[in-house]
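1. Return a 3D structure for these sequence lines:
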Amino acid sequence: MKVNCLYFSPTGGTKRVMDFMAEELPVDCWVDLSVRDFDYSQFSFDEKDVCLIAVPSYGGRVPGIVLERLRSMQVRGARAVLVAVYGNRHYDDTLLELRNEAVSSGFVVRAAVAALAEHSIVRQYAAGRPDEEDRKQLHELARKIKSSLEAEGECAQVSGADSEEEDEREPLIPGNMPYREYHGVPVKPKAGKACNKCGKCAQLCPVGAIPKDEPGSVEEEKCISCMRCVSVCPQHARKVNPIIIMATAKKLKNVCSERKENELFIGSQQ
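-> The predicted model follows:
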């Protein structure tokens, strides 16, 4: 089987999770879903492919730009392993929304993982994660997924399998419908005096929220608060209002302080 990893990782946390999983479930092709103006419709996956689809959870939902890019791909029965990465609050409906979109696009879902990474905005929560303990857990989850996929055979769907058998192979994924409402957060990074207008943030912004001719500014209606610009700025010039960060940290304290663990959802192979 050919394993592809389709990932959206503006600040590197989701990619690090997938790097750990790939140590046990080797990836043949990496597809970065954060590249603006790239033609994702050129990708085609069929029953010979396994696609690991990894996204960060934004407010308990899948980033909209990821869904747009996944929908443009040509998919015919490729098996999918879904991964939602969150910053220690909760992933809420992220996996369920990703599952529904994946199935609608032509994927056959075989497993799902909820994994931890450092919160991209309030970095004190899940700080340093995924860490070595996470690495061990992700190795174990990846081994189980690999074993399950191999046991199913080289084809994504068994010829002649009835609907009941297919249902058993799809994992029961947590979440609610209607999905949790999410309208973004009022956290929009802006450039300070250290900005030398190098333009790297504008070049790498996944949604084009930073004008190339005025990289010190931001188009707030486009910004998804992914923090990519903060993480890539060579001058560390782009920052978020510290007062907003303090208020957000206080709001999240009760739900983010306790360490949460990685989870695996996998269907029956009987």
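2. what's the burial count for the residue nearest to residue 35 when sequence neighbours are not counted?
-> Once flanking residues are discounted, residue 35 sits nearest to residue 206: 7.6 Å by CB to CB, 6 or more residues apart in numbering. For the C-beta atoms, the positions are set from N, CA and C on the backbone; glycine is no exception. Neighbour count for residue 206, taken as other CB atoms under 10 Å: 21.
3. what do you get for residue 15?
-> Applying other CB under 10 Å, we find 21 other residues in the vicinity of residue 15.
4. what do you get for residue 261?
-> Residue 261 sits with 10 neighbouring residues when counted by other CB under 10 Å.
5. That one - that's part of a helix, no?
-> No - under DSSP: H, G, I helix; E, B strand; the rest coil, residue 261 falls outside any helix and is assigned coil.
6. per-residue confidence at it?
-> pLDDT for residue 261: 97.
7. Assess the claim that it and residue 138 are in contact.
-> No - in this structure residue 261 lies outside contact range of residue 138 using CB atoms under 8 Å: 10.7 Å.
8. which stretch of helix or strand covers residue 245?
-> Taking DSSP states H and E as the definition, residue 245 sits inside helix 242-256.
9. can you give me how far that helix is from the chain middle?
-> 22 Å (CA atoms, centre = their mean, to the nearest Å).
10. what's next to that helix, contact-wise?
-> Contacts with helix 242-256, where a contact means CB atoms under 8 Å, 6 or more residues apart in numbering, come from 87-90, 119, 121-122, 124-126, 185-187.
11. Please spell out the segments of the stretch 101-250 of the chain that come in under the pLDDT threshold.
-> In the predicted model, the stretch 101-250 of the chain carries pLDDT under 70 at residues 154-168.
12. coming back round to it: export the helix holding residue 245 as PDB, just CAs?
-> C-alpha atoms of helix 242-256 as PDB (Å, rounded to 0.1, in the frame of the first residue of the first chain):
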ATOM      1  CA  PRO A 242      -0.600  40.200  25.300                       C
ATOM      2  CA  ILE A 243      -3.700  41.400  27.100                       C
ATOM      3  CA  ILE A 244      -5.900  39.200  24.900                       C
ATOM      4  CA  ILE A 245      -3.500  36.300  25.400                       C
ATOM      5  CA  MET A 246      -3.700  36.700  29.200                       C
ATOM      6  CA  ALA A 247      -7.500  36.800  29.100                       C
ATOM      7  CA  THR A 248      -7.700  33.700  26.900                       C
ATOM      8  CA  ALA A 249      -5.300  31.800  29.100                       C
ATOM      9  CA  LYS A 250      -7.400  32.600  32.200                       C
ATOM     10  CA  LYS A 251     -10.600  31.500  30.300                       C
ATOM     11  CA  LEU A 252      -9.000  28.200  29.300                       C
ATOM     12  CA  LYS A 253      -7.200  27.400  32.600                       C
ATOM     13  CA  ASN A 254      -9.800  25.000  34.000                       C
ATOM     14  CA  VAL A 255     -10.100  22.900  30.900                       C
ATOM     15  CA  CYS A 256      -6.500  23.000  29.700                       C
END
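13. which neighbours does whichever helix or strand comes after that helix have in its sheet, and in what orientation?
-> Using DSSP H and E, the helix or strand that directly follows helix 242-256 along the chain is strand 263-266. Sheet pairing of strand 263-266 (DSSP bridges) gives strand 108-116 (antiparallel).
14. Next, the buried residues of the strand it pairs with.
-> 108-116 (16 or more other CB atoms under 10 Å).
15. Make a markdown table from these and add distance to residue 248 to it.
-> Putting these into a markdown table (distance: CB to CB, whole Å) gives the following:
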| residue | distance to residue 248 |
| --- | --- |
| 108 | 38 |
| 109 | 33 |
| 110 | 36 |
| 111 | 32 |
| 112 | 28 |
| 113 | 26 |
| 114 | 22 |
| 115 | 22 |
| 116 | 18 |
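16. can you map out the helices along the stretch 101-250 of the chain?
-> 132-152, 163-169, 200-204, 228-232, 242-256 (DSSP state H, counting those that start in this stretch).
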